[in-house]
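**Q** prediction below, plus the sequence it came from.
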Amino acid sequence: SQQGEEDPQALSIQEGENATMNCSYKTSINNLQWYRQNSGRGLVHLILIRSNEREKHSGRLRVTLDTSKKSSSLLITASRAADTASYFCARLNINDYKLSFGAGTTVTVRA
Amino acid sequence: NAGVTQTPKFQVLKTGQSMTLQCAQDMNHNSMYWYRQDPGMGLRLIYYSASEGTTDKGEVPNGYNVSRLNKREFSLRLESAAPSQTSVYFCASSEFTSQFFGPGTRLTVL
């Protein structure tokens, strides 16, 4: 069973706008990771945030983690057409060190 | 440095046929994984191998077997394919926590 949900399921924005997606989970985690999947391709690791971190940046990506609410968010700033993809959060379970993926958020960036 | 490679890219099987999906990584990673991805479901773990010589069941192992042939290769076998196994299959490898994924195998079982 999936460990949580991404929200929204789909997002359509104009180029240059920011995109925010959220991820909730149910059990304790060691870390939380975000992956991107372009259509017809494998997943690519974007960023990892540890359970003792609250915010992390990587280029135009900003990830936050609130362990008290068991939630995380991914912000993509100044979006580009190339950001069109599905984004998945994955929780590393503290008990068995397996990754659990959500169903993903599909982001479409309109030119 | 090819990363994680998977063969074949596409496969169509009839119900009851068997096949093996191949995966290889050239990053010297200890851990390897097999996932399936179905629409609206995200990725679900089928089997994983924490190190050469070990394999363990994931969330959805029924109908599958795996072999960790050596450190580089991890194969997934469907002994008697069923339509419910129509999916996209991804292999991944990792050394610590983040995983590297192959391009996937799109399998259709008629």
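**A** Sure, I can see it. It should be emphasised that the depicted structure is a prediction, and the values quoted were computed from it without experimental measurement.
**Q** ok, now which ones touch A:H57?
**A** Applying Cβ atoms under 8 Å, 6 or more residues apart in numbering or on different chains to A:H57 gives the contacts A:V63. (Glycine included, C-beta is placed from N, CA and C.)
**Q** distance of it relative to A:L75?
**A** 9 Å (Cβ to Cβ, to the nearest Å).
**Q** which neighbours do those two have in common?
**A** Common neighbours of A:H57 and A:L75 (Cβ under 8 Å, 6+ apart) are A:V63.
**Q** what parts of chain B come near chain A?
**A** B:4, B:33, B:35, B:40-45, B:48, B:58-59, B:90, B:92, B:97-104 (Cβ under 8 Å from any Cβ of the partner chain).
**Q** now those residues: which count as buried?
**A** For the residues of chain B next to chain A, a neighbour count by 16 or more other Cβ atoms under 10 Å in any protein chain shown gives the buried set as B:4, B:33, B:35, B:42-45, B:48, B:58, B:90, B:92, B:97-104.
**Q** among the residues you listed, which lie within strands?
**A** B:V4, B:Y33, B:Y35, B:G42, B:L43, B:R44, B:L45, B:Y48, B:F90, B:A92, B:F100, B:F101 (DSSP state E).
**Q** let me know the closest of those to A:R80.
**A** Nearest to A:R80 among these, counting by Cβ to Cβ, is B:F101 at 22.4 Å.
**Q** just give the closest residue to the closest one, not the sequence neighbours.
**A** A:G42 (3.6 Å; Cβ to Cβ, 6 or more residues apart in numbering or on different chains).
**Q** ok now stretch B:94-110, how far from the chain's centre?
**A** Relative to the chain's own centre, stretch B:94-110 is displaced by 6 Å; criterion: Cα atoms, centre = their mean, to the nearest Å.
**Q** span of it from start to end?
**A** 33 Å (Cα to Cα, to the nearest Å).
**Q** and that stretch, what's its mean pLDDT?
**A** Averaged over stretch B:94-110, pLDDT sits at 93.
**Q** pick out the residue of chain B closest to chain A.
**A** Going by Cβ to the nearest Cβ, chain A is nearest to B:F101 of chain B, at 3.6 Å.
**Q** that residue against A:F88, yeah?
**A** No. At 10.8 Å, B:F101 and A:F88 do not qualify as touching, with contact defined as Cβ atoms under 8 Å.
**Q** which residues touch residue 78?
**A** Reading this off chain A. Here A:A78 is in contact with A:G16, A:N18, A:R60 (Cβ under 8 Å, 6+ apart).
**Q** hm, I was asking about chain B
**A** B:L13, B:S18, B:M19, B:T20, B:L21, B:G63, B:Y64, B:Q85.
**Q** I'd say B:L76 and B:S49 touch.
**A** No. Between B:L76 and B:S49 there is no contact under Cβ under 8 Å: 10.8 Å.
**Q** packing partners of the helix or strand of chain A with the lowest mean pLDDT?
**A** Across the helices and strands of chain A, mean pLDDT, DSSP states H and E gives its lowest value to strand A:4-7, namely a mean of 81. Judged by 3 or more Cβ pairs under 8 Å, 6 or more residues apart in numbering or on different chains; DSSP states H and E, the packing partners of strand A:4-7 are strand A:19-25, strand A:85-93.
**Q** what's the most buried one of those strands?
**A** Of those, the one with the most neighbours on average (mean count of other Cβ atoms under 10 Å in any protein chain shown) is strand A:85-93, at a mean of 24.
**Q** sounds good, over and out.
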